[in-house]
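here are the coordinates; sequence isn't available:
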């Protein structure tokens, strides 16, 4: 049916667009940046592939050329992502790294956090380890909002289908339609 096709297409788009990056034009240290991202989004940016790096670059066009991402060294020389939910990652994504030449160098055990370069200092989009107390802009990641909105759309299409088939009432249809988009607007805000 048409409803099944549309809802299936929407769910496919939701899966394909599950990563949203938000550039924050405030200079904070890594821990403060992580707190802001966890409070307002999901976490500091997790970059899982070259495609994610391309997405990341498109969101950070107004930056100073460097920004915190969610990768850190847990001091046992093991790089980990701030978002530590193993179910979140597909095979190979958790271990994705794009270090610049000679990185990470750890500078005598003083560099445990990672910044992303969008300038020509390193190759565009590559990473460098640095001390976590430095302050710079950062990029947050929100992996939930798009999926939730598409799930609401799927549910709405189903309710709408039932309303049209069984109730055949134009005003009821319009009321449900307006109510649904008001809910989405409030959810996104």
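Structure received. Since we're looking at a predicted model, the values are computed, not measured.

any idea which helix or strand of the protein has the worst average confidence?
Across the helices and strands of the chain, mean confidence by mean pLDDT, DSSP states H and E is lowest for helix 2-16: a mean of 40.

and the gap between residue 83 and residue 141?
Relative to residue 141, residue 83 is positioned 7 Å away (Cβ to Cβ, to the nearest Å). For every residue, glycine as well, the C-beta is placed using N, CA and C.

scratch that, residue 67 is what I was asking about
Applying Cβ to Cβ, the value for residue 67 to residue 141 is 12 Å.

Kindly report the same for residue 105.
Residue 105 sits at a distance of 26 Å from residue 141 (criterion: Cβ to Cβ).

Next: residue 87.
For residue 87, the distance to residue 141 (Cβ to Cβ) stands at 16 Å.

So for these two, which residue has more residues nearby?
The neighbour comparison of residue 87 against residue 141 (other Cβ atoms under 10 Å) goes to residue 141, with 25 against 4.

Quick check: bridge partners of that one?
Listed beta-bridge partners, residue 141: residue 21, residue 43 (assigned using DSSP bridges).

got the contact list for it?
19-22, 37, 41-46, 70, 83 (Cβ atoms under 8 Å, 6 or more residues apart in numbering).

Need the worst-confidence member of the residues you listed.
Among those, residue 19 has the lowest pLDDT, at 65.

does residue 39 count as helix, strand or coil?
helix (DSSP: H, G, I helix; E, B strand; the rest coil).

Begin at 380 from now on, thanks
From this message on, residue numbering opens at 380, which makes the last subject residue 418.

any idea how far it lies from residue 407?
To residue 407, residue 418 is 12 Å away according to Cβ to Cβ.

excluding its backbone neighbours, what's nearest residue 494?
Spatial nearest neighbour of residue 494, excluding adjacent residues (Cβ to Cβ, 6 or more residues apart in numbering): residue 445 at 4.8 Å.

Is the one you found in contact with residue 496, as I believe?
Yes: assessed by Cβ atoms under 8 Å, residue 445 is found in contact with residue 496 at 5.5 Å.
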